[in-house]
Each structure stands twice: as C-alpha cells, then as structure tokens.
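>>> with the sequence up front, the predicted model follows.
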Amino acid sequence: MEKGPESVAGDWRVASEAGLTHSRFYWLTRPMSPFEMMDDAVAFFRENFSVMAKASILLYAPLIILVLITLIIIVALNATARTPQPFAPADLIYLASVCLAYPYFFVAPALHAAIISLIAHMRLQNEPVTLRSVWERLKTRFWHLIANQLLAFIVLGGINLVIGIFFFALLFLLLATIGVTAGTAGGAFSVIIGLIGALLLSILWVVAIAMATVWFIILPQIVVLEPNTDALTAFNRAFQLVGKNYRHAVLSYLAFIGFQTVVYLAAYMLLIMVVAIAVLIIHTYFDLDAFFMRWSATLNQSYNLITYVGFALLMPMMYLTSFLLYYDLRYRIEGLDIEQALTQMEG
C-alpha cells in the first residue's frame, strides 16, 4: 500500500493544496507506539471536534436535560426556603436525580465509544458524517453492543471485586506493619514506611486494573466495526487481538490512563480555581457556613451538570485512543491491508 504524504501535525492525515483532508489510514503503514496513538487521538479530536461534540451532547442530552430541569426546581426551593434543614425537598430531588442518572451510565459510555469510533472510521474513509448516517450504522449493532457491554460489566465487576479484596488485604497488612514499627522504630519511621507502602500499593493497584481491563477496552470497536461478531464472539475476538500483543496493549492502556488523568486533573484544577474565586466573593458578603448549608443541593447539582458536560466533551479523545489501539493490534497481528478492508466495507 502506497503511503501518502504526512503532515507536520501527525502521520494519519494527508496534506493537499487545500490543507488537511481526510485520511485513508496511512498511519497504519507501521506499528504505533502509545504516545503516537495519544498524539494522533488529540489531533484527530481537535480537527473533528464539532461533529464529535454534537454527537456526544446529543447522546447525553436526556441526562443533561434531567439535571437542568431538576436544577431549576432545586434553585427555586433553596431560594424560598426559610431555614436550612436536613433532607429538605431540594435535597430529596437532588438524590432522586442522581438515582435516575446512575443507570444511564451503564450503557452511555459504551454507546459513546461506539459512536466516536464510527465517526472516526467514516472520516478516515472520506465519507460525509451526519448524525443520521452514524445512527444507520449503529442501529444494526445496537443490541449486540448493549448485550456485550452488560456482560462485560458483570465480568469486570467480579474481577474488580477480587482485585479490591486482594489489595484491601494488603492494605490491612500494611497498617499492621505500621503499628508494629511504630512501637519499635518510632513514629517517623512508621510514617515513611506507610507512605512508601501506600505509593507502591497504588501503583500495583493501577497496574492490576490495567492488566485485567485491557481485554475489554476495544469491545465497542469490535462490535460496531466487525459485522460478523456478536455479543459473545466479540470477547473471543478481543482476547485474540490483545493476547498476542498483551504487553504492548497493557503498556498502551497504562499510558492512556496517565493521559486521561492529566486531562482530568487540568480540567479539575481550572474548576477549583473558579470555585476558589467564588468562595472568596461569597465569604466577603455572606456567612459561608449558612450559605453552603442553604444552597448545598444547588451547588451539588451544578457540579453534576458541569461534570456531565465535561465528560461528554472530553471522553471522545479517550475513546479515540482505544479506536487507534484496536487497529494497531489488528495491524500487528494480521498485517492488516486497510485499503482492502475499506473496499470490502464500502462494497
């Protein structure tokens, strides 16, 4: 397959006189490192932000509308409340909205990953992307995807439970060790042992989670991009792709986790700065304790709204890394001929 010219911003795009145009998977002419996948995911997300943002907001629209409606009601109740009291109507409405929103997150992330993968795939095939065209491709795989992700949720829940129990036991042993060393070697030494042990346990816990869940992160891509798979055979396909390049997949996933952590830390730092300024202003004119006691439900619901919108707008970048990893694993195992694959799908 002939390799197209590369742009300065990444090796998946094709430059022309009119600027950057759509790609034909030219970046898959060689295996990719985790950092190349992250770089290309950011660049692809930036250049296709509009269509991905629209699809993401539309997917989470029911949740956002629910939060907005309840937020208006909560603000009205908080504003008219004479005295703050526990379990006020505003607090009950807030808790009810959280309970209603929680089931949505069982299926929304998988649908989100599938939609972003379809958009990326269609863009790279030089196809026009509309919400209708994305839905036409998704609807034939919709129930396979839902069933697959419910099964994955059950399996992952069991795996995470086992990992959690194991590391809880290690934490208990660490606390017991600190208690013993505090009586013999002194408090300062026990604190050092505790900090080092907590750091090591945290690192090992993240690695264990990555080793266990890396098998599942490309399931949405498999279900929607490989029409011959179903809810069950997608697991076999994932094990086939990941198993033959397990170390590369785990290291890539760890890099993606670090990347996601940095992005969310930056977003939360910005939010914390805004909140800190708001707190200073409130403290200047109001009793801070009374203010937070009265408006706690409003503040919590506002935080949820910001979190949901931020999640919808930022997660496409993370799902693109899984999309790139899926094709990278296929390339490493199958020597994937992308031009042939595209011709088959277009046919």
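Great, that's in hand. Numbers count the residues shown, from 1 in each chain.

>>> which phi and psi does residue 32 have?
phi -110, psi 150 (degrees, to the nearest 10).

>>> correct me, but residue 298 touches residue 76?
No. In this structure residue 298 lies outside contact range of residue 76 using C-beta atoms under 8 Å: 9.7 Å. Yep, even glycine has a C-beta here, placed from its N, CA and C like the rest.

>>> in the helix or strand hosting residue 138, what's buried?
Taking DSSP states H and E as the definition, one finds residue 138 inside helix 131-139. For helix 131-139, burial by neighbour count (16 or more other C-beta atoms under 10 Å) applies to 134, 137, 138.

>>> now do the helices in the stretch 201-347 of the chain.
For the stretch 201-347 of the chain, the helices defined by DSSP state H, counting those that start in this stretch occupy 219-225, 233-243, 246-285, 288-334, 338-346.

>>> taking the ones you listed together, which one is wrapped up most tightly?
Neighbour counts (mean count of other C-beta atoms under 10 Å) averaged over each of these peak at helix 219-225, with a mean of 26.

>>> circling back to that earlier point, now the helix holding residue 138: mean pLDDT?
Helix 131-139 comes out with an average pLDDT of 89.

>>> tell me what that helix is packed against?
Helices and strands touching helix 131-139, by 3 or more C-beta pairs under 8 Å, 6 or more residues apart in numbering; DSSP states H and E, are helix 49-59, helix 104-124.

>>> circling back to that earlier point, would you format the buried residues of helix 131-139 as a markdown table with distance to residue 59 included?
Listed next are the buried residues of helix 131-139 as a markdown table, based on distance: C-beta to C-beta, whole Å:
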| residue | distance to residue 59 |
| --- | --- |
| 134 | 10 |
| 137 | 15 |
| 138 | 11 |
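
>>> which one of those residues sits closest to residue 102?
residue 138 (23.4 Å; C-beta to C-beta).

>>> distance of the closest one from residue 66?
When distance is defined by C-beta to C-beta, to the nearest Å, residue 138 is 23 Å away from residue 66.

>>> among the helices of the stretch 201-347 of the chain, which comes closest to residue 37?
Smallest distance to residue 37 across the helices of the stretch 201-347 of the chain (C-beta to C-beta): 4.3 Å, for helix 288-334.

>>> tell me which helix or strand comes right after the helix or strand of the chain with the lowest mean pLDDT.
When each helix and strand of the chain is scored by mean pLDDT, DSSP states H and E, strand 19-21 comes last, with a mean of 35. Next along the chain after strand 19-21, taking DSSP H and E as the criterion, comes helix 34-47.

>>> coming back round to it: out of the helices and strands packed on helix 131-139, nearest to residue 96?
The closest of the helices and strands packed on helix 131-139 to residue 96 is helix 104-124. By C-beta to C-beta, the value is 13.9 Å.

>>> for that closest one, the averaged confidence score.
Rounded mean pLDDT across helix 104-124 is 89.

>>> I'd like the distance between residue 179 and residue 193.
From residue 179 over to residue 193 (counting by C-beta to C-beta), the distance is 11 Å.

>>> more crowded one of those two?
residue 193 (17 against 11; other C-beta atoms under 10 Å).

>>> name the element the more buried one belongs to?
helix 187-213.

>>> with residue 169 instead?
Going by DSSP H and E, residue 169 is in helix 142-184.

>>> and that helix, what other elements does it pack with?
Using 3+ C-beta pairs under 8 Å, 6+ apart: helix 142-184 touches helix 104-124, helix 187-213, helix 219-225, helix 233-243.

>>> export only the CA atoms of the shortest one, formatted as PDB.
Once side chains and other backbone atoms are set aside, the C-alpha atoms of helix 219-225 remain, and they are given as PDB (Å, rounded to 0.1, in the frame of the first residue of the first chain):
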ATOM      1  CA  LEU A 219     -15.000  -4.400  22.700                       C
ATOM      2  CA  PRO A 220     -17.100  -1.500  21.400                       C
ATOM      3  CA  GLN A 221     -14.900  -1.100  18.400                       C
ATOM      4  CA  ILE A 222     -15.000  -4.800  17.700                       C
ATOM      5  CA  VAL A 223     -18.800  -4.900  17.900                       C
ATOM      6  CA  VAL A 224     -19.500  -2.000  15.600                       C
ATOM      7  CA  LEU A 225     -16.700  -2.300  13.200                       C
END
